[in-house]
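Q: Structure of the sequence below:
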Amino acid sequence: MDLLLLEKALIGLFIAMVLAIAISKLRGKRFKLPPGPLPVPIFGNWLQVGDDLNHRNLTELANKFGDIFMLRMGQRSLVVVSSPELAKEVLHTQGVEFGSRTRNVVFDIFTGKGQDMVFTVYGEHWRKMRRIMTVPFFTNKVVQQYRQGWEDEAASVVEDVKKNPESATTGVVLRQRLQLMMYNNMYRIMFDRRFESEDDPLFLKLRALNGERSRLAQSFDYNYGDFIPILRPFLRGYLKTCKEVKETRLKLFKDYFVDERKKLANTKKTTNEGLKCAIDHMLDAQQKGEINEDNLLYIVENINVAAIETTLWSIEWGIAELVNHPEIQRKLRNELDTVLGPGVQITEPDAIKLPYLQAVIKETLRLRMAIPLLVPHMNLHNAKLGGYDIPAESKILVNAWWLANNPANWKNPEEFRPERFLEEESKVEANGNDFRYLPFGVGRRSCPGIILALPILAITIGRLVQNFELLPPPGHSKLDTTEKGGQFSLHILKHSTIVAKPRVF
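A: This next block holds a predicted model:
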């Protein structure tokens, strides 16, 4: 059977090679394509650049080929833009033309081929899903409704760390407790639910499934079968595992959260004005026929990945940078003590009064951008960009990390220096008002989670710095901040052990 499969694959490769050469010649005559390394038939540039298309590798290629370049990855055209002007074209000026999402074989599984909001193509379904998600999740009203809960969760983190005798001596992996906090922050909004401890069996199951989903989706290991469909049969085992994880996760969401909320609604009369959490709004939309149950479950899928993990990564990066820059940590602590008073715990409304805290968060999002290439865009039809022709259904990557770390546009960008956002970059905000700095994207497909992420970052980092002196573990002068990148993500390779010495007020 394996020999037969190999024979068919070789025949398919030969036929595809002939077609690729013919199409390439015809396309070369019709299109003025962006520059890039010379592709070879079938494989394109895959053998030259490899699977690991992370922000740093793409920056090196941009320095060689320019602010816009094209890679031919098997049968896929990949266009990378690396300048603020081109980013503005993709995300704003031609936001409709480049407003769709490209997916891959794994994300097609995890999103039901775009039945969610994040990865669906630009059009009526996206507009409907965005509207249904915005009201219960991404408004100032939601922030005010749930900020007390976020403050309570941060207070619980502080108390748990203080109770742990290892915290002030050998240190603890703060990420584990912060992960529980982030799940509780978002599950309060979604389901009016929280988990009591890190040992909660349902939390452990949920965390394990979400972690496996992230590992499978973010890995570069499946790219060969995605780039070259003729090789896809060799991905059968990988894709089977993805389907099993997807089905298990959606069943867990349905059985333990969605159905439980339905039962509660049936025993308790509610009106649209009295809805307690986001799932109630979505169940109401389902009853009206605006979405089906699959759409609802894929929205839950999006929130579990996009809202929880990305904010957690940013908190972890921020803490690591403060540990590695004690003078910045002291300056931030002094601001908190001076403005609020020693021991007076920060709340969400206080954040606007704390410019240095805001600068620390901005600098964390600049240097350690959680989604450094943003979520890929796609043009459904042939388009123009930067004077070049972009073939239909090209994958468009905006290297947002390089926009925010290019020394041509930023002073000493390799330094973690919050002061830049109080001095030469004082007018730059995280909402995309400057196309050099796009941690949440901008335009139609920007991340709506900015309205939740920024206050949660301020409350969490502020409370930890107020209540503890954060230090590297004994025998170490700094934390290891080696990066671990994925298809879209950027997080710390090794979760940091941190000594947290309680302050006495």
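
Q: Report the residue spans of the chain with pLDDT below the cut-off.
A: Along the chain, segments meeting pLDDT under 70 span 1-29, 268-275.

Q: Would you map the strands across it?
A: Using DSSP state E, the strands assigned to the chain run over residues 68-73, 76-81, 172-173, 377-378, 383-385, 388-390, 395-398, 468-471, 483-485, 490-492, 497-502.

Q: Mean neighbour count and distance to I315 added to those strands, as JSON lines?
A: Any C-beta I mention is one placed from the backbone N, CA and C, and that applies to glycine too. Below are these laid out as JSON lines (neighbours: other C-beta atoms under 10 Å; distance: least, C-beta to C-beta, whole Å):
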{"stretch": "strand 68-73", "mean neighbour count": "23", "distance to I315": "33"}
{"stretch": "strand 76-81", "mean neighbour count": "25", "distance to I315": "29"}
{"stretch": "strand 172-173", "mean neighbour count": "18", "distance to I315": "13"}
{"stretch": "strand 377-378", "mean neighbour count": "24", "distance to I315": "27"}
{"stretch": "strand 383-385", "mean neighbour count": "18", "distance to I315": "35"}
{"stretch": "strand 388-390", "mean neighbour count": "19", "distance to I315": "37"}
{"stretch": "strand 395-398", "mean neighbour count": "24", "distance to I315": "24"}
{"stretch": "strand 468-471", "mean neighbour count": "20", "distance to I315": "12"}
{"stretch": "strand 483-485", "mean neighbour count": "16", "distance to I315": "16"}
{"stretch": "strand 490-492", "mean neighbour count": "21", "distance to I315": "11"}
{"stretch": "strand 497-502", "mean neighbour count": "19", "distance to I315": "12"}
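
Q: looking at those strands, which is closest to E316?
A: Proximity to E316, assessed across these by C-beta to C-beta, is greatest for strand 490-492 (5.8 Å).

Q: thinking again about what came up before, can you redo the strands of the chain as JSON lines with distance to P229?
A: Formatted as JSON lines, those follow (distance: least, C-beta to C-beta, whole Å):
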{"stretch": "strand 68-73", "distance to P229": "12"}
{"stretch": "strand 76-81", "distance to P229": "10"}
{"stretch": "strand 172-173", "distance to P229": "41"}
{"stretch": "strand 377-378", "distance to P229": "17"}
{"stretch": "strand 383-385", "distance to P229": "24"}
{"stretch": "strand 388-390", "distance to P229": "21"}
{"stretch": "strand 395-398", "distance to P229": "15"}
{"stretch": "strand 468-471", "distance to P229": "49"}
{"stretch": "strand 483-485", "distance to P229": "25"}
{"stretch": "strand 490-492", "distance to P229": "29"}
{"stretch": "strand 497-502", "distance to P229": "44"}
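
Q: and of the ones you listed, who's closest to D226?
A: Of all the strands of the chain, it is strand 76-81 that lies closest to D226, at 7.6 Å by C-beta to C-beta.

Q: Run through who's touching that closest one.
A: 34, 44, 53, 58, 61-62, 67-72, 87, 89-90, 226-227, 385-386, 390-391, 393-399 (C-beta atoms under 8 Å, 6 or more residues apart in numbering).

Q: Could you do stretch 426-437 as well?
A: So stretch 426-437 is contacted by 84-85, 87-88, 91-92, 361-362, 365-366, 403-404, 406, 409-410, 421, 425, 438-443, 446, 450, 454 (C-beta under 8 Å, 6+ apart).

Q: May I see the ChimeraX selection of the buried members of those?
A: Selection of buried members from the contacts of stretch 426-437 for ChimeraX, criterion 16 or more other C-beta atoms under 10 Å:
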select :84,87,88,91,361,362,365,366,403,404,406,409,410,421,425,438,439,440,441,442,443,446,450,454
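
Q: Okay, the nearest residue to T310 once chain neighbours are set aside and L471: tell me how far apart.
A: In space, and not counting its chain neighbours, T310 is closest to A370: 4.5 Å by C-beta to C-beta, 6 or more residues apart in numbering. A370 is 25 Å from L471, where distance means C-beta to C-beta, to the nearest Å.

Q: A408 - how many residues pack around it?
A: A408 has 7 neighbours, counted by other C-beta atoms under 10 Å.

Q: Contact partners for it?
A: A408 neighbours (C-beta under 8 Å, 6+ apart): none.

Q: now do I461
A: 315, 318-319, 322, 357, 360-361.

Q: any idea how far the residue lying closest to D160 once chain neighbours are set aside lies from Y298?
A: Nearest residue to D160, sequence neighbours excluded (C-beta to C-beta, 6+ apart): R177, at 5.8 Å. Per C-beta to C-beta, R177 is found 29 Å from Y298.

Q: Can you pick out the residue with more neighbours from those two?
A: More crowded of R177 and Y298, by other C-beta under 10 Å: Y298, with 26 against 18.

Q: Quick check, the more buried one in contact with T120.
A: No - with contact defined as C-beta atoms under 8 Å, Y298 does not count as touching T120 (9.1 Å).

Q: Between the two, which contacts overlap?
A: T111.

Q: Give me the contacts around stretch 49-69.
A: By C-beta under 8 Å, 6+ apart, stretch 49-69 touches 34-37, 71, 78-83, 85-86, 220-221, 223-224, 369, 372-373, 385-386, 388, 397, 399, 401-402, 485, 490.
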